[in-house]
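Q: Mind looking at a prediction? Sequence and model below.
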Amino acid sequence: GHTGTINCSITVAPPVSATCVSINAVQGFAITPVTMIGSGGSGGPYTFTATGLPPLISISPSGVISGTPTSSGTFNYTVTVTDKNGNKGTVNCTTTVTGIPSLTVLKTADNATVTPGSVAGFKVTISNVGTATATGLVLSDPLPAGGRNDITWAIDPSVGNPGSFKITGATGSQVLALNGVSSLAAGLSLTAHI
């Protein structure tokens, strides 16, 4: 029944984890590689895996995230971190891939026939078929080679949405520019009759 005591200690390490990193990503362009840093557990070296990253973005075992995203949007991804003794932890992160605008310009005659000596009318439609808003829109449409220098564009205020457009520049090299509209959202079009 004799007893004795001994004083001992135990250290509980913090869980294995990592800090999310900021990824600047634009669809179709290679990102600047960024590196995740592990912490906690039994210490490094740490190894990394991830699920849910944007398409064609990957993480190396050492934690380097790189690649060229092929889709835009917001992506929630999970990183699993493993310490030197095999202890694991997970961290949930989010990144946004910015889309890119893609403009199409269609210029057509307003009328199938044009009376000789009259003013020829055209319709210009600018469409954004990309996945992001286009900004600073300016359409340059020089007059045809050999054309008369007294040809001047004017917007017909009776049709279309002329309030969104203006004509600038000199005769022979005029520009159809957006007036009061500095951007064109994805999936939208603007039309001017000139």
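A: That came through, no problem. Note that the structure is a prediction, hence the values are computed from the model and not measured. Numbering: from 1, shown residues only.

Q: any idea how far the closest residue to residue 131 other than its chain neighbours lies from residue 37?
A: Distances taken as Cβ to Cβ, 6 or more residues apart in numbering place residue 99 nearest to residue 131, at 3.0 Å, with adjacent residues excluded. Bear in mind the C-beta positions are built from the backbone N, C-alpha and C, glycine included. Computed as Cβ to Cβ, to the nearest Å, the residue 99 to residue 37 distance reads 30 Å.

Q: Just want to know which of the two has more residues nearby.
A: Ranked by neighbour count (other Cβ atoms under 10 Å), residue 99 and residue 37 place residue 99 first, with 18 against 13.

Q: Can you name the residues that contact the more buried one?
A: Contact analysis of residue 99 by Cβ atoms under 8 Å, 6 or more residues apart in numbering lists 26, 27, 72, 73, 130, 131, 132, 186.

Q: give me phi/psi at the residue nearest to residue 131?
A: phi -80, psi 180 (degrees, to the nearest 10).

Q: Residue 56 now?
A: In terms of degrees, to the nearest 10, the main-chain angles of residue 56 are phi 70, psi 20.

Q: Kindly report the same for residue 72.
A: Main-chain torsions, residue 72, degrees, to the nearest 10: phi -100, psi 160.

Q: what's the pLDDT at the closest residue to it other than its chain neighbours?
A: Excluding its sequence neighbours, the residue lying closest to residue 72 (Cβ to Cβ, 6+ apart) is residue 99, at 3.4 Å. Residue 99 carries a pLDDT score of 88 in this model.

Q: ok, residue 80 - how many residues close by?
A: By other Cβ under 10 Å, 16 other residues sit near residue 80.
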